[in-house]
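kindly return the folded structure for what I paste below:
(2 chains)
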Number of protein chains: 2
Amino acid sequence: MAHIALEEGVPGIVSAFGFRPETAKPMRELAEILLRGPNSLSSAEREAIAAFVSNGNECRFCQLSRSAAAAEHRGGGEADYQWIEEVKANPDGADVSPKLRALLRIAGQVREGGKKVTAADVAAAREHGATDMEIHDTVLIAAAFCMYNRYVDGLATFQPEGMAVYKPMGKMMAHDGYVRRAS
Amino acid sequence: MAHIALEEGVPGIVSAFGFRPETAKPMRELAEILLRGPNSLSSAEREAIAAFVSNGNECRFCQLSRSAAAAEHRGGGEADYQWIEEVKANPDGADVSPKLRALLRIAGQVREGGKKVTAADVAAAREHGATDMEIHDTVLIAAAFCMYNRYVDGLATFQPEGMAVYKPMGKMMAHDGYVRRAS
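Numbers count the residues shown, from 1 in each chain, chains lettered A, B, ... in the order given. Coordinates of the predicted model:
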């Protein structure tokens, strides 16, 4: 049971957003810009960074929904779902560009604490072609998911098990995004 | 030196916001709602929660600017600056209401990880009169500062030492807020 009176059966951050629409608005906007806005990193790459951080923070809702979104951005096939599992489990061995590998390293450091990011981490990312904007966005995606993860778990939201629940969610988020449109 | 090309001499999150105004906008709005929006917790109490979390995360810019804002919301006298130092150092011994003490306990748990918040922590806050909304906002303030702190430190922003620099900043933030107005 959630720590406060959230709508029952509504999963993860969606229930928290429903409880407090005022704070949901900027939180949705931030996710939209970071994960789907114009960027030299693909949305699949940015969702992979979010999934990797959320997995490290052991937040089931965020890591499975981000994984689904990452996979759906790549086409949503079985190989895409396999790919994101490999990225989360072992970014150094996964089939990612050297640049994304270096950015995942920075994201992992941010997750542990901002001061853990070293000049050498940043230099390595730059060597593989990362721009200042890409480094900035990686730091902020990682930092933002340290917020979203704590929000989802700190309220003890309902977090269903199994990728089957998150696949349609990932599809929706990949295609329609994070900002609620007036219907 | 910062990890990316931020404007020199501009402190902390202000330099990061200047680098990426698109993400600054929702991040400023979130801070405004959480710390200065209508609430049954005073702004001084909410800034104290933010200062306490930022102190735990050892983010100099955030903890000193939040401390200054908390003190300024109480009047900005020497005793107010002394008060916030006590809250950060030892919330259990500080001169705070039993409710705020229980909320600070929840905030400290969120800082370590969302799952650390127990039903007993929440029950204790409720016993001292905390509402669901106050518990929600405490969790989200703590979570949000886990983002702001990592953002400020993960980019290695310029963070001057000494409260003298942060006092006018706290005054400005307490009185004018976090959302930039068109001038």
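
the closest residue in space to A:Ala50 that isn't next to it in sequence: what's it in contact with?
Closest residue in space to A:Ala50, ignoring its immediate chain neighbours: A:Arg66 at 4.3 Å, by Cβ to Cβ, 6 or more residues apart in numbering or on different chains. In this view, the C-beta of every residue, glycine as well, is placed from N, C-alpha and C. By Cβ atoms under 8 Å, 6 or more residues apart in numbering or on different chains, the residues touching A:Arg66 are A:Glu47, A:Ala48, A:Ala50, A:Ala51, A:Ser54, A:Phe145.

so the first one sits against A:His73, correct?
I take that to be A:Glu47. Yes. Using Cβ atoms under 8 Å, A:Glu47 is in contact with A:His73, at 6.0 Å.

more crowded one of the two?
The residue with more neighbours, out of A:Glu47 and A:His73, is A:Glu47; 29 against 24, by other Cβ atoms under 10 Å in any protein chain shown.

setting aside sequence neighbours, what's the nearest residue to that one?
In space, A:Glu47 is closest to A:Ala70, 3.7 Å off (Cβ to Cβ, 6+ apart).

can you give me the neighbour number for the one you found?
A:Ala70, neighbours per other Cβ under 10 Å, totals 29.

wasn't it part of a helix?
Yes. According to DSSP: H, G, I helix; E, B strand; the rest coil, the state of A:Ala70 is that of a helix.

low-confidence ranges in chain A?
Residue ranges of chain A with pLDDT under 70: A:180-183.

most centrally placed residue in it?
Centroid-nearest residue in chain A: A:Ala50, 2.3 Å away (criterion: Cα atoms, centre = their mean).

can you list the residues that contact the helix or strand hosting it?
Assigned by DSSP states H and E, A:Ala50 belongs to helix A:43-56. Helix A:43-56 has contacts (Cβ under 8 Å, 6+ apart) with A:34-36, A:39, A:62-63, A:66-67, A:69-70, A:73-74, A:84, A:87-88, A:91, A:96, A:100, A:103-104, A:107-108, A:110-111, A:137-138, A:141-142, A:144-146, A:148-149, A:174.

nearest to A:Ala120 among the contacts of A:Arg66?
Using Cβ to Cβ, A:Ala48 comes nearest to A:Ala120 of these, at 22.5 Å.

beyond the longest helix anywhere in chain A, next helix or strand please.
Ranked by residue count under DSSP state H, the longest helix found in chain A is helix A:132-154. Per DSSP H and E, the first helix or strand lying C-terminal to helix A:132-154 is helix A:163-176.

and that next one, how far out from the chain middle?
Mean-position distance between helix A:163-176 and its chain equals 13 Å (Cα atoms, centre = their mean, to the nearest Å).

what residues of that helix count as buried?
A:Tyr166, A:Lys167, A:Met169, A:Gly170, A:Lys171, A:Met173, A:Ala174 (16 or more other Cβ atoms under 10 Å in any protein chain shown).

tell me the bridge partners for A:Phe158.
With DSSP bridges as the criterion, A:Phe158 is bridged to A:Pro11.

buried sites along stretch A:150-162?
A:Arg150, A:Tyr151, A:Val152, A:Asp153, A:Gly154, A:Leu155, A:Ala156, A:Thr157, A:Phe158, A:Gln159.

again with stretch A:22-29
Within stretch A:22-29, the residues that count as buried by 16+ other Cβ under 10 Å are A:Thr23, A:Ala24, A:Lys25, A:Pro26, A:Met27, A:Arg28, A:Glu29.

can you put these in JSON lines and add distance to chain B and secondary structure?
Below are the buried residues of stretch A:22-29 laid out as JSON lines (distance: Cβ to the nearest Cβ, whole Å; DSSP: H, G, I helix; E, B strand; the rest coil):
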{"residue": "A:Thr23", "distance to chain B": "6", "secondary structure": "helix"}
{"residue": "A:Ala24", "distance to chain B": "10", "secondary structure": "helix"}
{"residue": "A:Lys25", "distance to chain B": "7", "secondary structure": "helix"}
{"residue": "A:Pro26", "distance to chain B": "4", "secondary structure": "helix"}
{"residue": "A:Met27", "distance to chain B": "6", "secondary structure": "helix"}
{"residue": "A:Arg28", "distance to chain B": "8", "secondary structure": "helix"}
{"residue": "A:Glu29", "distance to chain B": "4", "secondary structure": "helix"}
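
give the contact list for the residue nearest to A:Glu47.
Here A:Ala70 is in contact with A:Ala44, A:Glu47, A:Ala48, A:Ala50, A:Ala51, A:Asp80, A:Ile84, A:Val87, A:Gly170 (Cβ under 8 Å, 6+ apart).

off-centre distance for the helix holding A:Ala50?
In terms of Cα atoms, centre = their mean, the centre of helix A:43-56 is found 4 Å from the chain centre.

likewise stretch A:166-180?
Distance, centroid of stretch A:166-180 to centroid of chain: 12 Å (Cα atoms, centre = their mean).

next one: stretch A:30-42
Its chain's C-alpha centre and that of stretch A:30-42 lie 11 Å apart, by Cα atoms, centre = their mean.

which residues touch it?
Taking Cβ under 8 Å, 6+ apart as the rule, stretch A:30-42 contacts A:43, A:46-47, A:50, A:69, A:73, A:100, A:103, A:131, A:133-134, A:137-138, A:140-141, A:144, A:148, A:177-179, B:22-23, B:26-27, B:30.
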